[in-house]
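A.B. asks: let's see this in three dimensions:
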Amino acid sequence: MKTIACKEYVPGCNFVAKGKTEEEAAKQLLEHMEKNHTEELKKMMSSSSREQIISDMKKKVKEEDEEWEEGM
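C.D. replies: Residues are numbered from 1 along each chain as shown. Presented below is the predicted three-dimensional model:
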């Protein structure tokens, strides 16, 4: 499972996007930001395209620790 934390972009937000691929996790995070952090996303999009933002997010995606996943 691939994960990326919203706090990478919005300090204090505890949302963690998850997906089978980096692309899936990044798109889930972008959807979360579109619904919950519109101002922060607008600032990001003023200097980057949607594709660039997804590409940046994919670089920050991590592999979820299997032990942690089993403990859920």
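A.B. asks: can you give me the buried ones in stretch 41-55?
C.D. replies: 41, 44, 53, 54 (16 or more other C-beta atoms under 10 Å). Any C-beta I mention is one placed from the backbone N, CA and C, and that applies to glycine too.
A.B. asks: need phi/psi at residue 49.
C.D. replies: phi -80, psi 170 (degrees, to the nearest 10).
A.B. asks: hmm, back to that, tell me which of the buried residues of stretch 41-55 fall in helices.
C.D. replies: Within the buried residues of stretch 41-55, residues falling in helices by DSSP state H are 41, 44, 53, 54.
A.B. asks: give me the most central residue, the protein.
C.D. replies: residue 29 (3.5 Å; C-alpha atoms, centre = their mean).
A.B. asks: contacting residues around residue 63?
C.D. replies: Counting by C-beta atoms under 8 Å, 6 or more residues apart in numbering, residue 63 makes contact with 1, 2, 3.
A.B. asks: if we can go back for a sec, want to try TSV for the ones in helices among the buried residues of stretch 41-55, with pLDDT as columns?
C.D. replies: Below are these laid out as TSV (pLDDT from 0 to 100):
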residue	pLDDT
41	94
44	93
53	93
54	93
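A.B. asks: quick one: which of those is nearest residue 13?
C.D. replies: residue 41 (12.0 Å; C-beta to C-beta).
A.B. asks: you'd agree that closest one is up against residue 34?
C.D. replies: Yes - Residue 41 lies in contact with residue 34 (C-beta atoms under 8 Å); the separation is 6.2 Å.
A.B. asks: picking that back up, give me the buried subset of the contacts of residue 63.
C.D. replies: Counted by 16+ other C-beta under 10 Å, the contacts of residue 63 give 2, 3 as buried.
A.B. asks: of the contacts of residue 63, which belong to strands?
C.D. replies: Counted as lying in strands by DSSP state E, out of the contacts of residue 63, are 2, 3.
A.B. asks: okay, the contacts of residue 63 in CSV with pLDDT and distance to residue 48 next?
C.D. replies: Shown next, in CSV, are the contacts of residue 63 (pLDDT from 0 to 100; distance: C-beta to C-beta, whole Å):
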residue, pLDDT, distance to residue 48
1, 94, 26
2, 96, 21
3, 97, 22
